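>>> here is my input; please provide its structure:
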Amino acid sequence: MAKFRGAVVVNEERCKGCDLCVVACPCDVLALQPKEVNNRGYHFAYMQNPEKCIGCASCALVCPDACIEVYKTTEK
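Next comes the predicted model:
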């Protein structure tokens with residue numbers, strides 16, 4: 001049986017740093033960028049621990065601005 005890994009893509013310019021995706025992630029994958037801000041002045045979400053992502057898409061479901069896409073990849 002194939003193992004799945006997740007890959008989260010955040011549209012950094014649309015993200016307003018509301019922190020909902022960080023809280024919703026069961027695997028502690030996402031965090032808010034501590035030093036960088038986007039063009040709107042918000043600290044945006046990014047994959048802090050990409051190796052932990054299981055592709056559950058909880059982060060994308062709670063995102064109010066729909067700026068998160070989750071992909072599942074197969075490990076060989």
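>>> where do the strands sit along the chain?
Listed in chain order, the strands found in the chain under DSSP state E are 3-10, 30-32, 45-47, 68-75.
>>> export those strands as TSV, with columns for distance to residue 39 and mean pLDDT.
Where C-beta positions appear, they are placed from N, C-alpha and C, glycine not excepted. Formatted as TSV, the strands of the chain follow (distance: least, CB to CB, whole Å; pLDDT from 0 to 100):
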stretch	distance to residue 39	mean pLDDT
strand 3-10	14	90
strand 30-32	16	97
strand 45-47	15	96
strand 68-75	18	90
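>>> okay, those, which one's buried deepest?
Of all those, strand 45-47 carries the top mean neighbour count, a mean of 21, counting by mean count of other CB atoms under 10 Å.
>>> which strands and helices lie in contact with it?
Judged by 3 or more CB pairs under 8 Å, 6 or more residues apart in numbering; DSSP states H and E, strand 45-47 is in contact with strand 3-10, strand 30-32.
>>> these two touch, right, residue 11 and residue 67?
Yes. Counting by CB atoms under 8 Å, residue 67 is a contact partner of residue 11 at 4.0 Å.
>>> can you redo the strands of the chain as CSV with distance to residue 38?
Output for these, formatted as CSV (distance: least, CB to CB, whole Å):
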stretch, distance to residue 38
strand 3-10, 10
strand 30-32, 11
strand 45-47, 10
strand 68-75, 14
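>>> residue 57: which of those is closest?
Evaluated over the strands of the chain, closeness to residue 57 peaks at strand 68-75, with 4.2 Å, by CB to CB.
>>> okay, now the sheet partners of the closest one, with direction.
strand 3-10 (antiparallel) (DSSP bridges).
>>> ok, residues contacting the partner strand?
Contact with strand 3-10 is made by 29-30, 44-47, 50-51, 53-57, 59-60, 67-75, as judged by CB atoms under 8 Å, 6 or more residues apart in numbering.
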